[in-house]
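Asks: Below is the sequence, then the predicted model.
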Amino acid sequence: MATMQGFGQMIEKLKKSPKSIVFTEGCDERILEAASRLLSGNFLTPVLVGNEQKILAAAEELGYNVRGARIMDPERYERMDEMVNLLCEIRKNKGMRQEEARALLKKGNYFGTMLVKMGEADALLGGATYSTADTVRPALQIIKTKPGHSVVSSVFIMVRPSATGENEVLAMADCAINIRPDADQLAEIAINAAECAKEFGVDPKVAFLSYSTLGSGKGEDVEKMRQAAAKAKAMRPDIPIEGEIQFDAAVSPKVARTKCPDSPVAGHANTFIFPDINAGNIGYKIAQRLGNFDAYGPVLLGLNAPINDLSRGCNAEEAYSMAIITATLACED
Ligand SMILES: CC(C)(COP(=O)(O)OP(=O)(O)OC[C@H]1O[C@@H](n2cnc3c(N)ncnc32)[C@H](O)[C@@H]1OP(=O)(O)O)[C@@H](O)C(=O)NCCC(=O)NCCS
């Protein structure tokens, strides 16, 4: 059973390598609470996007101390002309003009993403009020995919606390970005998810999930998952990978003995690849709501800088935890 790299270890990393993180919704109550906690811990600098007076008034009223945070207002940003030019340059193949860029940059999601692009901050956490699409789209357009990657995807790190202190940690992908990934994309998603899982203390054993186990059922999606597993195995023979495989065979050693006795993954899978976003999104929420797992994510994979999305239903604790996870991903090694 894997034990998640504790938040203590992440905080130690951040103390050694100080980072800053943009919050695109600087006035939001949950963000202000998370920012004040980060500041009191003195290991990560929040960059709050929004009107300074409004942010300070909201913090004062709610009783959160955000002294030490950088407050950046798109209306008063001294490098705005440079930012507009850079955005036009990045989007020139889409014919972006100055007026359009200037209008987009009044919005916290585009402005915040450009702050990361321009090196004003190391990471970004949005989504307290923006939808996933509105948080992710600027990142896809501006930050873009890492060299050698063809797709941005996401993983949820699922942690079930245990009384003994040895938490159970799983990875689930892609539950939030790609609506209907093909076999090539799924292979890439799986490898990225496995690599990310390692960062959280998981020794990845990857299952490409399906309603069929190694040919027991037939159908287009069965074939897709079989091909995806084969491609991923060919790309990374060092990672234990199985597929297509049903969820019970993936996690239950007893079922695995009957359905696929020779598999190195079956019965012990901890990194789950879903055929599409329907399955993934429903799957991680079942684990969260009925299986008592805490869900950290979606952690975006394959982007050129760490940018993550909060659920609009998040609380301050989740914003705080995700900020630490996101900023840690900006640390070397
Ligand atoms: C992620 C998502 C927002 C992107 O789609 P979109 O906003 O319609 O964006 P577009 O298709 O117009 O693409 C915008 C840019 O991102 C790129 N892009 C889109 N998806 C991408 C991906 N998965 N990886 C890399 N780049 C991607 C496009 O190529 C395009 O680039 P360009 O403008 O430079 O040509 C969309 O896939 C989506 O809505 N996913 C589901 C989100 C969701 O609701 N999740 C559930 C809740 S957690």
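Replies: Great, that's in hand.
Asks: List the contacts of the helix or strand harbouring residue 88.
Replies: Using DSSP states H and E, residue 88 sits within helix 80-90. With CB atoms under 8 Å, 6 or more residues apart in numbering as the test, helix 80-90 has contacts from 74, 77, 96-98, 101-102, 104-105, 110-111, 114, 117-118, 141-142. Every residue, glycine included, has its C-beta placed from N, CA and C.
Asks: who wins for most neighbours among the residues you listed?
Replies: Highest neighbour count within the contacts of helix 80-90, by other CB atoms under 10 Å: residue 114, with 27 neighbours.
Asks: residue contacts, that residue?
Replies: Listed by CB under 8 Å, 6+ apart, the contact set of residue 114 reads 83, 86, 87, 105, 142.
Asks: what about 6 Å?
Replies: residue 83 (CB atoms under 6 Å, 6 or more residues apart in numbering).
Asks: quick check, it in a strand?
Replies: No. Read with DSSP: H, G, I helix; E, B strand; the rest coil, residue 114 is helix and lies in no strand.
Asks: distance of it from residue 121?
Replies: 10 Å (CB to CB, to the nearest Å).
Asks: Kindly report the same for residue 182.
Replies: 34 Å.
Asks: who has more neighbours, those two?
Replies: Between residue 182 and residue 121, counting by other CB under 10 Å, residue 121 is the more crowded of the two (25 against 12).
Asks: That one in helix, strand or coil?
Replies: coil.
Asks: Same check on residue 157?
Replies: Three-state assignment for residue 157 (three-state DSSP): strand.
Asks: residue contacts, it?
Replies: Here residue 157 is in contact with 171, 200, 296, 297 (criterion: CB under 6 Å, 6+ apart).
Asks: For the residues you listed, point out the one with the lowest pLDDT.
Replies: When it comes to pLDDT, residue 200 is the least confident member of the contacts of residue 157, at 87.
Asks: quick one, phi/psi of it?
Replies: Here is the backbone geometry of residue 200 (degrees, to the nearest 10): phi -100, psi 20.
Asks: Make TSV out of the contacts of residue 157 and add distance to the ligand, secondary structure and neighbour count.
Replies: Listed next are these as TSV, based on distance: CB to the nearest ligand atom, whole Å; DSSP: H, G, I helix; E, B strand; the rest coil; neighbours: other CB atoms under 10 Å:
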residue	distance to the ligand	secondary structure	neighbour count
171	16	strand	29
200	19	coil	22
296	13	strand	20
297	9	strand	23
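Asks: Quick check: which of the contacts of helix 80-90 are also close to the ligand?
Replies: Taking CB under 6 Å from any ligand atom, the overlap between the contacts of helix 80-90 and the neighbourhood of the ligand is residue 141.
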